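Novice: Predicted model and sequence below, questions to follow.
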Amino acid sequence: MKTNYTLHTLESAPDESEALLEDSKNAYGFIPNLHAVMAEAPGLLEGYKLLHELFQNSSFDAEELTVVWQTINVEHECHYCVPAHTGIAHMMKVDGAITDALRDGTPLPTEKLQVLHETTLALVRKRGVLSADETERFFSAGYEQRQLLEIVLGLAQKVMSNYTNHLAETPVDEPFQKFAWEKA
């Protein structure tokens, strides 16, 4: 059974979500449809926004953030987050070769980013259980325990958004429609 989710506005949102949506509007110039849907459950929207901020302020650079986000988005086949994070990657000046590789499932331009991608993918697919070889390969690429745990932070954020978008069939925001994506 399909449920119709409301794309909340400042006027229709639950009281607890109004300030959160106002912050989104101020930050982006519009209320992203993901935030509009999440506003139905104020705790979800607040938690998502907090995890997003914490992950952005992790030890990962813009390329690495993009690799973690898009690896998860593509694996979860999120019709909303893949185009949104493609646009975000462009705004963060991430090389288009990285976003193309992540969207198309082709090798990344550096071995270190490829290892980050493969480790993130293994964490998603194996529900956090990595082999000794997978862990050693991650550390040998130059990453540390901190980054392994920060992938978990990014994964928590993406589960919230990807699953919400699956449930609500969230429409892609106009600025990101040009980056529409479907799994090949």
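Specialist: Arrived safely, thanks for sending.
Novice: Would you mind confirming that residue 17 makes contact with residue 45?
Specialist: Yes. In this structure, residue 17 is within contact of residue 45 by C-beta atoms under 8 Å, at 5.7 Å. (Each C-beta comes from the backbone N, C-alpha and C, glycine too.)
Novice: Give me the more crowded residue out of those two.
Specialist: Comparing residue 17 with residue 45 by other C-beta atoms under 10 Å, the one with more neighbours is residue 45, at 27 against 24.
Novice: any idea of the mean pLDDT for whatever helix or strand the more buried one lives in?
Specialist: Mapping residue 45 onto the secondary structure by DSSP states H and E places it in helix 42-56. Regarding helix 42-56, the rounded mean pLDDT is 98.
Novice: Beyond that helix, next helix or strand please.
Specialist: helix 62-75.
Novice: where exactly do the helices run in the protein?
Specialist: For the chain, helices defined by DSSP state H occupy the ranges 15-28, 33-38, 42-56, 62-75, 81-91, 96-104, 111-125, 132-140, 145-168.
Novice: what packs against the shortest one?
Specialist: Applying 3 or more C-beta pairs under 8 Å, 6 or more residues apart in numbering; DSSP states H and E, one finds that helix 33-38 makes contact with helix 15-28, helix 42-56, helix 145-168.
Novice: 6 Å instead, please
Specialist: In terms of contacts (3 or more C-beta pairs under 6 Å, 6 or more residues apart in numbering; DSSP states H and E), helix 33-38 is packed against helix 42-56, helix 145-168.
Novice: likewise the longest one?
Specialist: Packed against helix 145-168 by the contact rule (3+ C-beta pairs under 6 Å, 6+ apart) you find helix 33-38, helix 42-56, helix 62-75.
Novice: Could you dump those helices into TSV and include distance to residue 9?
Specialist: Below are these laid out as TSV (distance: least, C-beta to C-beta, whole Å):
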stretch	distance to residue 9
helix 33-38	7
helix 42-56	14
helix 62-75	26
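Novice: of those helices, which approaches residue 99 most closely?
Specialist: Distance to residue 99, taken as C-beta to C-beta, is lowest for helix 62-75 among these, at 6.6 Å.
Novice: That closest one - what's its average pLDDT?
Specialist: 98.
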